[in-house]
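Enquirer: Need coordinates for the below:
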Amino acid sequence: MKTAVETAESHSFSLILADFKELTKARLAVSVVFSSIAGYLLGATQIEVVSLLLLAFGGYCMVGASNAFNQVIEKDLDAKMMRTRNRPLPAGRVSVNSAMFMAVTLTLLGVITLYILNPKTAMFGAISIFLYTGVYTPLKTVTPLAVFVGALPGAIPFMLGWVAATNDFGIEPGTLFMIQFFWQFPHFWALGWMLDDDYKRGGFKMLPTGAKDKGTVVQIIMYTIWMIIISIIPVFGITGRLHLSVLAAVIVFLMGMVMLAFAFRLYEKRDNKTARKLMLASVSYITLMQLVYVIDKLL
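Expert: Residues are numbered from 1 along each chain as shown. Predicted coordinates for the structure are as follows:
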């Protein structure tokens, strides 16, 4: 049987781990790592397990650092929102100094790990942290254009995997970047729609028109259409080594049309329930689209 001290230590470790996962937004970080690995598998001519592990670890560190910096900057605003007021910093479970130490440590670990892969990967990872922390985060309370800026670092992971595999930036990683770039808008505006009241408590300006209106949904629809178009461009053979078979392109196109249908549904309903369905559809789309690309290449 465990002693009282051992039980207390185990409980304490569980709490520390839970706070670490919340500060780094573990679920989001894992999804970003998934995108990076998908990009790596698309770019690699030969899969190296060590490189995959370095990419996964370095990628998690970079995303975790960005999220930790973000929560340090926004701790007072997070305290005002229902969704975020119990995060480690506003709840007082973690000090600002501790969170900053962790963020800086993760940044250094991430840059060094990605540099071991190749310098270009480390450079794009560092750019991602800078844009997310230094530009996107402070802009969120100033202008809805913050979402456009935030879409830049948000689109880097899929591209980053290709660069990690090839040490080269060209039409192929550029296409992967554009797919995930356009995807960001319907995804985050659907999320922003759902959480609009809470975001307003924190002073965040997330919706493009500033309101849950037709203008916002029109922009969601437009960006979804652009996402669909970019997603199937590789089938035409104009994106270098990045190829897509006709069957895979049809599957990706149909998945995009499902997401577009949810966007049109939001135009009709303009309610939180429909926005949530669009947000969930967008999460399914980006994951399944990347799987289709990878499976199509491997087959």
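Enquirer: make it CA atoms for all contacts and neighbour counts henceforth
Expert: Will do.
Enquirer: Cross-check the contact I'm expecting between Met62 and Ile127.
Expert: No - at 10.2 Å, Met62 and Ile127 do not qualify as touching, with contact defined as CA atoms under 8 Å.
Enquirer: what comes into contact with stretch 236-243?
Expert: Leu42, Gly43, Ile171, Glu172, Thr175, Ile233, Pro234, Val235, Lys297 (CA atoms under 8 Å, 6 or more residues apart in numbering).
Enquirer: Surely Val135 and Ala151 touch.
Expert: No - with contact defined as CA under 8 Å, Val135 does not reach Ala151; the gap is 11.4 Å.
Enquirer: More neighbours: those two, which one.
Expert: Ala151 (23 against 14; other CA atoms under 10 Å).
Enquirer: ok so, going back, neighbour-wise, give me the winner out of the contacts of stretch 236-243.
Expert: Going by other CA under 10 Å, Leu42 tops the contacts of stretch 236-243 with 28 neighbours.
Enquirer: element containing it?
Expert: For Leu42, the host element (DSSP states H and E) is helix 26-43.
Enquirer: how much space between the residue nearest to the spatial centre of the chain and Leu106?
Expert: For the chain, the residue nearest the mean C-alpha position is Gly154 (4.7 Å; CA atoms, centre = their mean). Distance from Gly154 to Leu106, counting by CA to CA, to the nearest Å: 18 Å.
Enquirer: For Ser231, grab the count of nearby residues.
Expert: Around Ser231 there are 25 other residues, counting by other CA under 10 Å.
Enquirer: Identify the residues contacting the residue nearest to it when sequence neighbours are not counted.
Expert: Closest residue to Ser231 apart from its sequence neighbours, by CA to CA, 6 or more residues apart in numbering: Ile179 at 5.6 Å. By CA under 8 Å, 6+ apart, the contact set of Ile179 is Ala155, Met227, Ile230, Ser231.
Enquirer: So Tyr115, which state does it fall into?
Expert: helix (DSSP: H, G, I helix; E, B strand; the rest coil).
Enquirer: which ones are touching it?
Expert: Thr121, Ala122, Met123.
Enquirer: could you dump the residues you listed to CSV with secondary structure, distance to Met257 and pLDDT?
Expert: CSV is the format used below for these (DSSP: H, G, I helix; E, B strand; the rest coil; distance: CA to CA, whole Å; pLDDT from 0 to 100):
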residue, secondary structure, distance to Met257, pLDDT
Thr121, helix, 33, 93
Ala122, helix, 35, 94
Met123, helix, 35, 94
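Enquirer: Can you flag the buried ones in those?
Expert: Thr121, Ala122 (16 or more other CA atoms under 10 Å).
Enquirer: if we take the contacts of Tyr115, which one ends up nearest to Glu22?
Expert: Using CA to CA, Ala122 is the member of these that lies nearest Glu22, at 24.4 Å.
Enquirer: Identify the residues contacting the closest one.
Expert: Per CA under 8 Å, 6+ apart, neighbours of Ala122: Gly110, Val111, Ile112, Thr113, Leu114, Tyr115.
Enquirer: would a markdown table of those residues with distance to Ser51 and pLDDT be doable?
Expert: Below are the contacts of Ala122 laid out as a markdown table (distance: CA to CA, whole Å; pLDDT from 0 to 100):
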| residue | distance to Ser51 | pLDDT |
| --- | --- | --- |
| Gly110 | 14 | 95 |
| Val111 | 14 | 95 |
| Ile112 | 13 | 95 |
| Thr113 | 10 | 95 |
| Leu114 | 9 | 95 |
| Tyr115 | 11 | 95 |
